[in-house]
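Engineer: Prediction below, plus the sequence it came from.
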Amino acid sequence: MNSYGSFPGARPRRLRTTPALRRMVAETRLHPADLILPAFVREGITEPVPIQAMPGVVQHTRDTLRKAAVEALEAGVSGIMLFGVPDDAKKDAVGTAGTDPDGILQLAIRDVRSEVGDELVVMSDLCLDEFTDHGHCGVLDAEGRVDNDATLERYAEMAQVQADAGVHVVGPSGMMDGQVGVVRDALDTIGREDVSILAYTAKYSSAFYGPFREAVGSSLKGDRKTYQQDPANLRESMRELALDLEEGADMVMVKPAGPYLDVLAKVAASVDVPVAAYQISGEYSMVEAAAEKGWIDRDRAIMETLTGIRRAGAQMILTYWATEAARNLGSARH
């Protein structure tokens, strides 16, 4: 039998003894307002189209998108990030449908704003990949490479039509050099200083984007390694961060979230602007697939991944579980 002196002097387990005690001393708390819902709207459909690689996620009609926005708002979600999926016949080499004032993304922005006004932050993906017939995020040169500066001109026009449609926040996601500065200038030129920029500061060339390609009907052949970041690099992200802030980013983001929590933590510790992270399609699909097999507890896994992203420093999390998680968080508080 041990003597009293040999017992542990410190017993951290004391603070884990009951659910109420664990809740009281929790260092990281998730709130519905931390969450942003990415949503896809597809041109020319009359019913939502399920995305096979992302169980539970759909390509919305304009009407069902309105309903999804209202549901997110009622659950306490703070924002919605819109992605437009045009008719294939409207795709071309320069992504014309992305800058058409009556293109599907601009219509969706107007639809959601008319439904929720300023109560939900309406955000839009500012990139050409959904609208080009080659599937790249920019304009191609004669050798088939993405032309950075020609692409910036398209981004400037895209920012202006999205602002005219009523978006609150634009998210330039193509990883072109100088994109934040060009978008800021384009918005200010038309008197839209009020539109914020969520910079995709550290967007890595990731295998986890796979299901997203189905979600947006991507036409991509090849890869995006010449403009998205190399997964091996961290210092490069900090350089991108400094440039985005210098160019006028209001918020910054790390994407994907889960495999890059170290990047997220370093970014969050380095800035005085809000920091977001995007829990992308592959992160979502892995959990859903493993849960469907009965290999993991789905609900616990969802909340654990979101808590980990929040703990690493994200103030905002883009996640396809946003509405569901917000409802669960709301019910847990009552």
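Structural biologist: In hand now; what should we look at?
Engineer: can we go C-alpha only for contacts and neighbour counts from here?
Structural biologist: Will do.
Engineer: who are the neighbours in contact with the closest residue to Leu152 other than its chain neighbours?
Structural biologist: Computed as CA to CA, 6 or more residues apart in numbering, the closest residue to Leu152 that is not its neighbour in sequence is Gln179, at 6.1 Å. Shown in contact with Gln179 (CA atoms under 8 Å, 6 or more residues apart in numbering): Leu152, Tyr155, Pro172.
Engineer: measure the second one to Leu128 for me?
Structural biologist: Using CA to CA, to the nearest Å, we find Tyr155 at a distance of 8 Å from Leu128.
Engineer: List the contacts of the helix or strand encompassing Leu243.
Structural biologist: Element membership for Leu243 (DSSP states H and E) is helix 235-247. Contact partners of helix 235-247, identified using CA under 8 Å, 6+ apart, comprise Gly178, Val180, Gly181, Arg184, Ala199, Thr201, Ala202, Gln229, Val252, Val263, Val267.
Engineer: C-alpha coordinates for the helix of greatest length in the chain, CSV please?
Structural biologist: Looking across the chain with DSSP state H, the single longest helix is helix 148-165. The C-alpha coordinates for helix 148-165 follow below in CSV (Å, rounded to 0.1, in the frame of the first residue of the first chain):
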residue,chain,number,x,y,z
ASN,A,148,-1.6,35.7,-63.9
ASP,A,149,-2.0,39.3,-65.0
ALA,A,150,-4.7,38.6,-67.7
THR,A,151,-6.6,36.7,-65.0
LEU,A,152,-6.4,39.6,-62.6
GLU,A,153,-8.3,41.7,-65.2
ARG,A,154,-11.1,39.1,-65.1
TYR,A,155,-11.1,39.1,-61.3
ALA,A,156,-11.5,42.8,-61.2
GLU,A,157,-14.6,42.6,-63.4
MET,A,158,-15.9,39.7,-61.5
ALA,A,159,-15.6,41.6,-58.2
GLN,A,160,-17.6,44.5,-59.6
VAL,A,161,-20.5,42.4,-60.9
GLN,A,162,-20.7,40.5,-57.6
ALA,A,163,-20.7,43.8,-55.7
ASP,A,164,-23.4,45.1,-58.0
ALA,A,165,-25.4,42.0,-57.2
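Engineer: going on from that helix, what's the next piece of helix or strand?
Structural biologist: strand 169-172.
Engineer: now that next one, how far from the centre of its chain.
Structural biologist: Chain-centre distance of strand 169-172: 10 Å, with CA atoms, centre = their mean, to the nearest Å.
Engineer: next one: stretch 206-213
Structural biologist: Distance of stretch 206-213 from the chain centroid (CA atoms, centre = their mean) equals 13 Å.
Engineer: Can I get the contacts of Gln179 in TSV including distance to Gly76, neighbour count and pLDDT?
Structural biologist: Formatted as TSV, the contacts of Gln179 follow (distance: CA to CA, whole Å; neighbours: other CA atoms under 10 Å; pLDDT from 0 to 100):
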residue	distance to Gly76	neighbour count	pLDDT
Leu152	35	22	95
Tyr155	31	27	95
Pro172	25	24	94
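Engineer: quick one, helices of the stretch 201-334 of the chain?
Structural biologist: 210-215, 235-247, 261-270, 281-292, 298-311, 322-332 (DSSP state H, counting those that start in this stretch).
Engineer: helix or strand for Asp63, which one?
Structural biologist: For Asp63, the host element (DSSP H and E) is helix 62-75.
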